[in-house]
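Undergrad: predicted coordinates and the sequence they were generated for:
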Amino acid sequence: MKDFKDFMTGWVYTDTVKDHFINPRNLWKKEEDFTPDGFGEVGSLACGDQMRVGITVEDDRIKEIRWLTYGCASAIASTSMMSELVKGMSLEEAYKITPEMITDRLGGLPEHKFHCSVLGDKALRAAIDNYYENKGLENPFKGTVAKVVCECRNVTDQQIEQLVKTGQVRTLEELTEKTGLGTGCGKCKAKALQMLEELKHIYNIT
Amino acid sequence: MQSVYMDNNATTAMAPEVKAALKEADRIFGNASSMHRYGREAAALVSHAREDLAALVGCRPSEVLFTSGATESNNTVFDIARHLITQGKGSRIVTTTIEHPAIIETARYLQSEGIHVDFCPVDSEGRVKIDELEKLVGDDVALVSVMMGNNESGAVQDTSSAVRIAHAHNALFHTDVTQAVGKLPIDFEKEGFDYMSLSGHKFHGPKGVGALIARKGAPLMPFLHGGHQENGLRPGTYNTQAIYGMGIAAKLAKKDLETEAARLWSLREMLRKGIEESIDDVVINGSQEHCLPGTLNVSFPRAEGESILLMLDMAGVAVSTGSACATGSLEPSYVLMATGMDVELAHGSIRFSLGRYNTQEDVRYVLRVLPPIIKKLREMSTR
């Protein structure tokens, strides 16, 4: 007979997710005196997830990282995992981490969780952007990675450009159909439409 | 580890009395439609259940149609309305924005088939606006459907006014009483309802069984086809044991309806007061004056519902949440959003639903483990 007492293994999340959820690493505690060199915040409450990341930098490497997250277990765990992953990394490497790198280390996430809850990499990039801004320096990595347009469905500018360039998408409706863009909080729609028009102009598509 | 089940609006544990009765009847396997003794024995079980259920909800035994549950019952009623509309008897259905998906989704399906459906809004306490309903219902309406107790907020609806409005326009009236059975007194005949849907597993009966109560003379057409059971209105071999079990549960619920409702309310109030005293910045959702006795819906700003649910689960406490994250969608509970609630509050909502087997000790345990969980999540939070 199948043992139905092994229900804990039927948890929607892996043991690693659970571990990071219960024992989050590098959490930004109020009592700690942490002054970040760079600071970033992403996410939307409409989506149910918001992340804040602070970093200190030494020799172009991330020395310390702290974070806060409002969100579900996978949002908390993925930010925690991201913080472990990038600690000590060069800014260049850190700027290029992807949601997949985080979820792989977590042993995977349920499909429907992937897009909305893995925002750690974006929060980190925002913090690195802010670091260069604070220093008054040009961010050498900006533009080297795709930028997320729709945070709820994780649709990037590069993805949209590709779809427009190849003639697969002409209207916002088509873009939504192809990518799910704008079907979460909907905040990105105006921006996406503007981008779509610009790209159509650039690639001479009517 | 202690384990506390406070998700009785999702489903309930079968009552020991039901289990014992089923055990006693477990040798009965006949087809209740057969003429021989095996069949007659099974038919007797169905017949007992019909009487016990009718007694609980104030209808005649002949007005009970056994189904697989409230989802089927709701679908059947909406199918009847569709039928009437295609025959030219009315052209519209009116229901509400806070019905169970078994109604909302069915209504949307009918809309896609070209049937006009209007959804009546609710107030900030989650109660259907009766004045709006009055405006929405006209002589062209075939069916009005308003649930009795909401599964998420616990808000109890003014079905007595709703049925009057429907009947004033010669519309049929249906109410989904799935959450109300065994918790509120229900008098089908006195209220003058035409149809009522319920499920056995919400009041400590078995799963996979329920009923459609249909007033004698109300239009009825089979939703399924293929047999003479229930006068051909609900074909399919009787699920004898489950039906019998639901009957026993109905008998049990009727026996101590008032005392049990009062007990549940006092536990619920103990939980509410305890939460308000031990955790700062909480919002109690839904009508408090008109509320199902065992339901408490609370929002914890700055903590997200799925995280709260999972941490409570690890502490042995089972609850549910209106957060989007728990449902796999990006939208939080439409029931809470319909009240005009702030989206963050909906994401941070937890529903405690108490049942027959919850005790004061359970409430004390929840009050012990919950405050540190909220504190921990709020310390992690960006807000």
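TA: Everything's here; your move. Numbers count the residues shown, from 1 in each chain, chains lettered A, B, ... in the order given.

Undergrad: use CA for all of it now, contacts and neighbours both
TA: Will do.

Undergrad: against A:Ser74, how distant is the residue of the stretch 201-350 of chain B found nearest chain A?
TA: Nearest to chain A in the stretch 201-350 of chain B, going by CA to the nearest CA, is B:Ser307, at a distance of 4.9 Å. In this view, B:Ser307 and A:Ser74 are 9 Å apart by CA to CA, to the nearest Å.

Undergrad: gap between stretch B:235-246 and the chain center?
TA: In terms of CA atoms, centre = their mean, to the nearest Å, the centre of stretch B:235-246 is found 20 Å from the chain centre.

Undergrad: try stretch A:50-63
TA: That offset, for stretch A:50-63, works out to 15 Å (CA atoms, centre = their mean).

Undergrad: mind listing the helices for chain A?
TA: Here chain A has its helices, by DSSP state H, at A:15-22, A:73-86, A:91-95, A:99-105, A:111-117, A:120-135, A:157-165, A:172-179, A:189-202.

Undergrad: please enumerate the strands of the stretch 151-300 of chain B.
TA: Taking DSSP state E, counting those that start in this stretch to define them, one finds strands in the stretch 151-300 of chain B at B:172-176, B:195-199, B:210-214, B:283-285, B:295-299.

Undergrad: so can I have CSV of these showing mean neighbour count?
TA: Below are the strands of the stretch 151-300 of chain B laid out as CSV (neighbours: other CA atoms under 10 Å in any protein chain shown):
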stretch, mean neighbour count
strand B:172-176, 26
strand B:195-199, 27
strand B:210-214, 27
strand B:283-285, 19
strand B:295-299, 25
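
Undergrad: could these go into a markdown table alongside mean pLDDT and distance to chain A?
TA: As requested, the strands of the stretch 151-300 of chain B are exported to a markdown table (pLDDT from 0 to 100; distance: least, CA to the nearest CA, whole Å):
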| stretch | mean pLDDT | distance to chain A |
| --- | --- | --- |
| strand B:172-176 | 98 | 30 |
| strand B:195-199 | 98 | 25 |
| strand B:210-214 | 98 | 27 |
| strand B:283-285 | 97 | 17 |
| strand B:295-299 | 98 | 14 |
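
Undergrad: let me have the ones you listed in a markdown table, extended by distance to A:Tyr131.
TA: A markdown table is the format used below for the strands of the stretch 151-300 of chain B (distance: least, CA to CA, whole Å):
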| stretch | distance to A:Tyr131 |
| --- | --- |
| strand B:172-176 | 57 |
| strand B:195-199 | 59 |
| strand B:210-214 | 62 |
| strand B:283-285 | 38 |
| strand B:295-299 | 36 |
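
Undergrad: for burial, what's the neighbour tally of whichever residue of chain B sits closest to chain A?
TA: Residue of chain B nearest chain A, by CA to the nearest CA: B:Ser381 (4.4 Å). If you count neighbours by other CA atoms under 10 Å in any protein chain shown, B:Ser381 ends up with 23.

Undergrad: mind checking which helix or strand of chain A has the lowest mean pLDDT?
TA: Counting by mean pLDDT, DSSP states H and E, the weakest-scoring helix or strand in chain A turns out to be helix A:111-117, with a mean of 68.

Undergrad: B:Asn31 in helix, strand or coil?
TA: The three-state label given to B:Asn31 by DSSP: H, G, I helix; E, B strand; the rest coil is coil.

Undergrad: look up the closest residue to it, ignoring the ones flanking it.
TA: B:Gly39 (4.9 Å; CA to CA, 6 or more residues apart in numbering or on different chains).

Undergrad: who's in contact with the one you found?
TA: B:30-33 (CA atoms under 8 Å, 6 or more residues apart in numbering or on different chains).

Undergrad: sorry, back to before: is it true that the residue of chain B closest to chain A touches A:Tyr70?
TA: Yes - if you go by CA atoms under 8 Å, B:Ser381 and A:Tyr70 touch, sitting 4.4 Å apart.

Undergrad: what's opposite the residue nearest to A:Ile128 when sequence neighbours are not counted in the beta bridge?
TA: Nearest residue to A:Ile128, sequence neighbours excluded (CA to CA, 6+ apart): A:Gly38, at 5.9 Å. Beta-bridge pairing of A:Gly38 under DSSP bridges involves A:Ile55.

Undergrad: residue 77: neighbour count?
TA: Let's take chain A. Going by other CA under 10 Å, the residues that sit close to A:Ala77 add up to 30.

Undergrad: my question was about chain B
TA: Residues near B:Val77, counting by other CA under 10 Å: 29.

Undergrad: how about A:Glu32?
TA: 8.

Undergrad: just the pLDDT at it, thanks.
TA: pLDDT, A:Glu32: 90.

Undergrad: list the contacts of it.
TA: Contacts of A:Glu32 by CA under 8 Å, 6+ apart: none found.

Undergrad: and it, backbone torsions?
TA: Main-chain torsions, A:Glu32, degrees, to the nearest 10: phi -80, psi 140.

Undergrad: what is the burial count for residue 105?
TA: By default, I'm working from chain A. The tally of other residues near A:Arg105 (other CA under 10 Å) stands at 14.

Undergrad: actually, chain B is the one I wanted.
TA: Neighbours of B:Glu105 (other CA under 10 Å): 13.

Undergrad: residues in contact with it?
TA: Contacts of B:Glu105 (CA under 8 Å, 6+ apart): none.

Undergrad: tell me which helix or strand it sits in.
TA: For B:Glu105, the host element (DSSP states H and E) is helix B:101-112.

Undergrad: so how far is that helix from its chain's centroid?
TA: For helix B:101-112, the distance to the chain centre is 17 Å (CA atoms, centre = their mean).

Undergrad: dump the helices of chain A to TSV, plus distance to B:Thr97.
TA: Shown next, in TSV, are the helices of chain A (distance: least, CA to CA, whole Å):
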stretch	distance to B:Thr97
helix A:15-22	35
helix A:73-86	30
helix A:91-95	45
helix A:99-105	37
helix A:111-117	26
helix A:120-135	36
helix A:157-165	36
helix A:172-179	26
helix A:189-202	26
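
Undergrad: most packed of these?
TA: The highest average neighbour count among the helices of chain A, using mean count of other CA atoms under 10 Å in any protein chain shown, belongs to helix A:73-86 at a mean of 26.

Undergrad: hmm, A:Phe157 is touching A:Ala146, no?
TA: No, residue A:157 isn't Phe; it's Asp. Yes - using CA under 8 Å, A:Asp157 makes contact with A:Ala146 at a distance of 6.1 Å.

Undergrad: only C-alpha atoms, please: export the regular element (helix or strand) spanning the residue of the stretch 201-350 of chain B closest to chain A in PDB.
TA: Using DSSP H and E, B:Ser307 sits within helix B:305-314. The C-alpha trace of helix B:305-314 is given here as PDB (Å, rounded to 0.1, in the frame of the first residue of the first chain):
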ATOM      1  CA  GLY B 305      -1.000  34.900   2.500                       C
ATOM      2  CA  GLU B 306       0.800  31.900   0.900                       C
ATOM      3  CA  SER B 307       3.800  32.400   3.200                       C
ATOM      4  CA  ILE B 308       1.500  32.600   6.200                       C
ATOM      5  CA  LEU B 309      -0.400  29.500   5.100                       C
ATOM      6  CA  LEU B 310       2.800  27.400   4.600                       C
ATOM      7  CA  MET B 311       4.400  28.500   7.900                       C
ATOM      8  CA  LEU B 312       1.100  27.600   9.700                       C
ATOM      9  CA  ASP B 313       1.100  24.300   7.800                       C
ATOM     10  CA  MET B 314       4.600  23.600   9.100                       C
END
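
Undergrad: got the contact list for that helix?
TA: A:71-73, B:318-323, B:325-326, B:347-350, B:369-370, B:373-374, B:377.

Undergrad: quick check: buried residues in the helix holding B:Glu105?
TA: B:103-104, B:106-107, B:110 (16 or more other CA atoms under 10 Å in any protein chain shown).

Undergrad: mind putting the residues you listed in a markdown table, distance to chain A included?
TA: Formatted as a markdown table, those follow (distance: CA to the nearest CA, whole Å):
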| residue | distance to chain A |
| --- | --- |
| B:Ile103 | 24 |
| B:Ile104 | 20 |
| B:Thr106 | 22 |
| B:Ala107 | 22 |
| B:Leu110 | 23 |
